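>>> Sequence first, predicted model second:
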Amino acid sequence: MEPPANDFSFDDLRRWPDVESRELVAVDATDRLLLDDAAEALVAAPAGSVVVIEDRYGAITLGAAALHGQTGLRVHQDARSGRRALEANSARAGLDEAWTSVELDQAGLEGARVVLLQLPRALDSLEETAELVARWAHPEVQVFAGGRIKHMTRSMNEVLGRSFGQVEARLARQKSRVLVASQPQASTRSATAGDSTGGTEGESAPRWPAREHHADLDLTVCAHGGVFAGTRIDIGTRQLLAHLDAMAPRAERAVDLGCGSGVVATLLARSRPDLHVLATDDSAAAAASARATAAANGLGDRITVTHDDALGRVEDASVDLVVLNPPFHTGTAVHTGVARRLFGEAARVLRPGGELWAVWNSHLVYRPVLERAVGRTRQLSRDPKFTVTASTKG
């Protein structure tokens, strides 16, 4: 398969709509190494048989198309912002016909002969992905999984080894390394793990999402592998939950922004039968987890869940309450840009007098940022780790 003639350059790629700054890049050494290590396999793979997973901004997908002539690429990106970045970058490169967005399911993975994967940091996420690929891909599939060495552990080899008979570590380059997995395990291919249909009668229940019941809250939490905190309830969220009854008590519409597994949205809906709750997250795995958590607690018809980049689908001045536990990083880099963007989005959708309730790492000193972005901000609690504030839209 001959690569097409074009003027494609990695230097033209952007992170938009994700945070952009001088120290944050749209393509890294792992993207380039993955494409180089998989070059021979990419040239030999039939059109439509290559799947790209967790391509952050499109470098892997567009590199496979422009440099190795691949067409019919199937691409899964957990982050909605990543999908938008790929759409924008591929349009500028004239390569928007080379790929299609898919889910991690039978339709998205079936028959794949080459899989290019940016390694997730969470082992649960890697395990769920490996199980799905091993189950649905072609028996002769090769999985090229790359990451920065400082974020890789031997446990990743072990996780891949549970689903694949052979795992090989390739030579490192520029502080990145690629693991190549092949020979899907027969036990994984015959199991129902990851089958969203739940299998047929007599088969075991799907392994994902995982479930855990928290007796102190009488709450069942469901989570796919890539969700922050998994089925646990993190300390910051618990501090926010301590103020649940005080949050805009006359609110009619509430948004759990960056909902994760849906803990706050579910407890808000349960405590206020007349409140319409929207749970939204940039992560597809989080949105699916929140939907499962709502259903597991009998609130599936009370909570609307969307997979969205920030609050792109919510109208201006249409919400009474936003609750938020913002991330303090983007990818692997500590950066406050994501939180600031979410504060601005919350301010946009809040009605005058509406409230943003947020919990954040105390060392980040977000209170003056919230004052400027939203309005008058009260501190409800603070300890060395977390601060809870309520900001009122002016």
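That came through, no problem.
>>> Any stretches of the protein with poor pLDDT?
Along the chain, segments meeting pLDDT under 70 span 1-6, 190-206, 328-336.
>>> 80 instead, please
Flagging of the chain using pLDDT under 80 yields the residue ranges 1-7, 19, 22-23, 187-206, 327-337.
>>> For the stretch 51-200 of the chain, just list every one of the strands.
Secondary structure of the stretch 51-200 of the chain (DSSP state E, counting those that start in this stretch): strands at 73-76, 99-101, 114-118, 142-148, 164-169, 176-184.
>>> now the shortest one, how far from the centre of its chain.
Pointing back at strand 99-101 there. 17 Å (Cα atoms, centre = their mean, to the nearest Å).
>>> Check the third one too.
Its chain's C-alpha centre and that of strand 114-118 lie 16 Å apart, by Cα atoms, centre = their mean.
>>> Now do the helices in the stretch 1-150 of the chain.
29-37, 39-44, 59-68, 80-93, 106-109, 123-136 (DSSP state H, counting those that start in this stretch).
>>> and the longest strand for this structure?
Identified as the longest strand of the chain according to DSSP state E is strand 350-361.
>>> And the contacts of that strand?
Strand 350-361 is contacted from outside by 236-237, 239-240, 243, 247-248, 251, 317-326, 328, 339, 343, 346-347, 366, 370, 374, 385-394, using Cβ atoms under 8 Å, 6 or more residues apart in numbering. Every C-beta, even on glycine, is put in place using the N, C-alpha and C of the backbone.
>>> Select only the buried ones of the residues you listed in PyMOL?
Buried residues among those (16 or more other Cβ atoms under 10 Å), as a PyMOL selection:
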select buried, resi 236+237+239+240+243+247+248+251+319+320+321+322+323+324+325+326+339+343+346+347+366+370+374+386+387+388+389+390+391+392+393
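>>> In strands only, show me the contacts of strand 350-361.
Secondary structure defined by DSSP E assigns 319-324, 386-392 of the contacts of strand 350-361 to strands.
>>> hmm, back to that, so of the helices of the stretch 1-150 of the chain, which one's packed in deepest?
Among the helices of the stretch 1-150 of the chain, ranked by average contacts under mean count of other Cβ atoms under 10 Å, first place goes to helix 59-68 (a mean of 26).
>>> To residue 223, which of the helices of the stretch 1-150 of the chain lies closest?
Residue 223 lies closest, by Cβ to Cβ, to one member of these: helix 123-136, at 8.2 Å.
>>> chain center to that closest one, what's the gap?
With Cα atoms, centre = their mean as the basis, helix 123-136 stands 15 Å off its chain's centre.
>>> swap in stretch 277-289?
On Cα atoms, centre = their mean, the centre of stretch 277-289 falls 9 Å from the chain's centre.
>>> what's the answer for stretch 33-52, then?
Relative to its parent chain, stretch 33-52 has a centroid offset of 24 Å by Cα atoms, centre = their mean.
>>> and that stretch, C-alpha only, in CSV?
The C-alpha trace of stretch 33-52 is given here as CSV (Å, rounded to 0.1, in the frame of the first residue of the first chain):
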residue,chain,number,x,y,z
LEU,A,33,7.4,5.6,17.6
LEU,A,34,4.1,3.7,17.4
LEU,A,35,3.9,4.6,13.7
ASP,A,36,7.5,3.6,13.0
ASP,A,37,7.3,0.3,14.9
ALA,A,38,4.0,-0.6,13.2
ALA,A,39,5.1,0.6,9.7
GLU,A,40,5.5,-2.9,8.2
ALA,A,41,2.2,-4.1,9.7
LEU,A,42,0.4,-1.0,8.5
VAL,A,43,1.7,-1.4,4.9
ALA,A,44,0.5,-5.1,4.9
ALA,A,45,-2.9,-4.5,6.5
PRO,A,46,-5.9,-4.5,4.3
ALA,A,47,-8.0,-1.3,4.1
GLY,A,48,-10.5,-1.2,7.0
SER,A,49,-8.5,-3.6,9.2
VAL,A,50,-6.6,-1.0,11.3
VAL,A,51,-8.0,0.3,14.6
VAL,A,52,-6.6,3.3,16.5
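>>> start at 447 instead
In the new numbering, first residue 447, that becomes stretch 479-498.
>>> What residues does residue 671 make contact with?
Residues in contact with residue 671 (Cβ under 8 Å, 6+ apart) are 566, 568, 570, 571, 572, 573, 574, 575, 654, 656, 731.
>>> could you dump the residues you listed to TSV with distance to residue 488?
Formatted as TSV, those follow (distance: Cβ to Cβ, whole Å):
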residue	distance to residue 488
566	22
568	27
570	29
571	24
572	22
573	26
574	25
575	20
654	29
656	34
731	27
